[in-house]
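Colleague: 3D, please:
(one chain, ligands or ions: 1)
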Amino acid sequence: MENLWNKENVEQRYDLPFMDLLFQAQGVHREHFDPNQMQLSSLFSIKTGACPEDCKYCAQSGHFKTKLKKEKLLPFDFVLAQAKAAKAAGATRFCMGAAWRSPPKKDLPKVCEMIGAVKDLGLETCVTLGMLDVEATQALKDAGLDYYNHNLDTSPEYYKKIISTRTYQDRIDTLNRVHQAGIKTCCGGIVGMGESKDDRINFLLELSKLDTPPASIPINKLAPIEGTPLGETPPIDDFEIVRIIAVTRIMFPKSHVRLTAGRDTLSEAVQTLCFFAGANSIFFGEEGKLFASSNPESDQDHILFDKLGMTVEAVDVA
Ligand code: SF4
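Modeller: Numbering: from 1, shown residues only. All right, here's what the predicted structure looks like:
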């Protein structure tokens, strides 16, 4: 597919007056989605902490001293119980995250078994397990995996200041491998790490250069975590979050744009602006824990949806 985006035309959108940007984004959103529907995902950490990577924002990195409690790969029955609870609370997709550089050979079959069982509940499945080789990608495909999450995080230039243990190209290679295996990609980034506007634009441009646009694009607001190198980072202005969501919506009209970590720091009004700008997916619920930050609990989310007249997007699991 021809990539229509370049630095100039993305910057032109990014710099639009706020109201014009939102109006345009909402127009694009309505062409492809029901603006009153939200996709609900639940994220659960199946293996926590002691990650060999050094992502400077992350509580799970073994390089930093944080308060996070480390856990080995959780047992099958425990994970399945969480998936059932997530479904009961309204989730349509269950995302399982493991803090690995890449999935260990001994653990991958266990994760594949979890994927099959979660799918049997009628939920979409997503996992985030780090870098994948061809063999691991195929094993996940054979297990019936719907989505693989692997974020680019930021621009290639700023990435070097955030992570040193794997390259930007490593990430792109995994994403393209996942796409080639026929698994949908979930790939986004984090704003508020001290990056510039140019970095945000270049990050979106990199997403647009992938073999196929990600089916889901999570936009995280940095949740600074004590003990990590970014633990003292001042918060980004909320309007910047809305702005990047709007530009993401315009550039990727058919992707679900997910308002992800850091949502608990946004007021209901700002979250609503994000939804108006084109965010149509969230992580929710008590188990919706990402990078050891929290999100508003599912009840609060349902109360907000009621206020807005929003409903939950149904899922068609093959
Ligand atoms: S973001 Fe992922 S890869 Fe990076 S340290 Fe955290 S768990 Fe590991």
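
Colleague: Assign the residue most central in space within the chain to helix, strand or coil.
Modeller: Using CA atoms, centre = their mean, the residue of the chain that lies closest to the mean C-alpha position is Pro218, 3.3 Å off. Secondary structure state of Pro218, per DSSP: H, G, I helix; E, B strand; the rest coil, is strand.

Colleague: For the ligand, see how far away the closest residue to it other than its chain neighbours is.
Modeller: Of all residues beyond its chain neighbours, the one nearest Pro218 is Gly188 (3.6 Å), with distances taken as CB to CB, 6 or more residues apart in numbering. (Glycine included, C-beta is placed from N, CA and C.) The spacing between Gly188 and the ligand, counted by CB to the nearest ligand atom, to the nearest Å, is 12 Å.

Colleague: Could you double-check that Gly188 sits in contact with Pro213?
Modeller: No. Proximity of Gly188 to Pro213 does not meet the contact threshold set by CB atoms under 8 Å, at 11.6 Å.

Colleague: what sits in contact with each of the two?
Modeller: Taking CB atoms under 8 Å, 6 or more residues apart in numbering as the criterion, Gly188 and Pro213 both touch Leu207.

Colleague: higher neighbour count, the two?
Modeller: Between Gly188 and Pro213, Gly188 has the larger neighbour count (other CB atoms under 10 Å), namely 24 against 19.

Colleague: Next, give phi and psi for that one.
Modeller: The phi/psi pair for Gly188 (degrees, to the nearest 10) reads phi -150, psi -150.

Colleague: Please name the residues that touch it.
Modeller: Gly188 touches 151-152, 207, 214, 216-220, 258, 260, counting by CB under 8 Å, 6+ apart.

Colleague: For it, give me the pLDDT.
Modeller: Gly188 is assigned a pLDDT of 95 by the prediction.

Colleague: Could you measure from it over to Ile219?
Modeller: Distance, Gly188 to Ile219, using CB to CB, to the nearest Å: 5 Å.

Colleague: Need the overlap of contacts for those two.
Modeller: Shared contacts of Gly188 and Ile219, defined by CB under 8 Å, 6+ apart, comprise 258, 260.

Colleague: At the contact with the ligand, which residues of the protein appear?
Modeller: 51, 53, 55, 58, 60-61, 99, 130 (CB under 6 Å from any ligand atom).

Colleague: thinking again about what came up before, what would the contacts of Gly188 look like in CSV with pLDDT and distance to Asp170?
Modeller: Converted to CSV, the contacts of Gly188 look like this (pLDDT from 0 to 100; distance: CB to CB, whole Å):
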residue, pLDDT, distance to Asp170
Asn151, 95, 12
Leu152, 95, 11
Leu207, 95, 16
Pro214, 94, 17
Ser216, 94, 20
Ile217, 96, 20
Pro218, 95, 19
Ile219, 95, 22
Asn220, 92, 20
Arg258, 92, 23
Thr260, 85, 22
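
Colleague: Val257 should be in a helix, yeah?
Modeller: No. Using three-state DSSP, the secondary structure at Val257 is strand, not a helix.

Colleague: Hmm, it is touching Gly278, no?
Modeller: Yes. Under the criterion of CB under 8 Å, Val257 makes contact with Gly278 at 5.4 Å.

Colleague: Residues contacting stretch 73-90, please?
Modeller: Against stretch 73-90 from outside (CB under 8 Å, 6+ apart): 40, 42, 44, 46-47, 94, 96, 98, 107, 110-111, 113-114, 117-118, 121-123, 284-285, 287, 298, 302, 312.

Colleague: List the buried residues in stretch 34-49.
Modeller: Neighbour counts over stretch 34-49 (16 or more other CB atoms under 10 Å) mark 38-49 as buried.

Colleague: And the helices in the stretch 101-250 of the chain?
Modeller: Using DSSP state H, counting those that start in this stretch, the helices assigned to the stretch 101-250 of the chain run over residues 108-120, 134-142, 156-162, 168-180, 197-209, 238-251.

Colleague: out of the ones you listed, deepest packed?
Modeller: Across those, averaging neighbours per residue (mean count of other CB atoms under 10 Å) puts helix 238-251 on top, at a mean of 23.

Colleague: ok, then the element right after the longest strand belonging to the chain?
Modeller: Ordering each strand of the chain by length in residues (DSSP state E) puts strand 37-47 first. Following strand 37-47 in sequence order, the next helix or strand is helix 76-88 (DSSP states H and E).

Colleague: what's the angle between that following helix and strand 37-47?
Modeller: Angle, helix 76-88 to strand 37-47, by axes from the mean of the first three to the mean of the last three CA atoms, to 10 degrees: 160 degrees.

Colleague: Going forward, the N-terminal residue is numbered 799.
Modeller: Yes, from this point I'll number from 799; that puts the last item at helix 874-886.

Colleague: Identify the residues contacting the strand or helix carrying Asp818?
Modeller: For Asp818, the element it lies in under DSSP H and E is helix 816-830. For helix 816-830, contacts defined as CB under 8 Å, 6+ apart pick out 811-812, 814, 833, 1037, 1040-1041, 1043-1045, 1047-1048, 1051-1052, 1071, 1074-1076, 1078.

Colleague: This completes my enquiry, with thanks.
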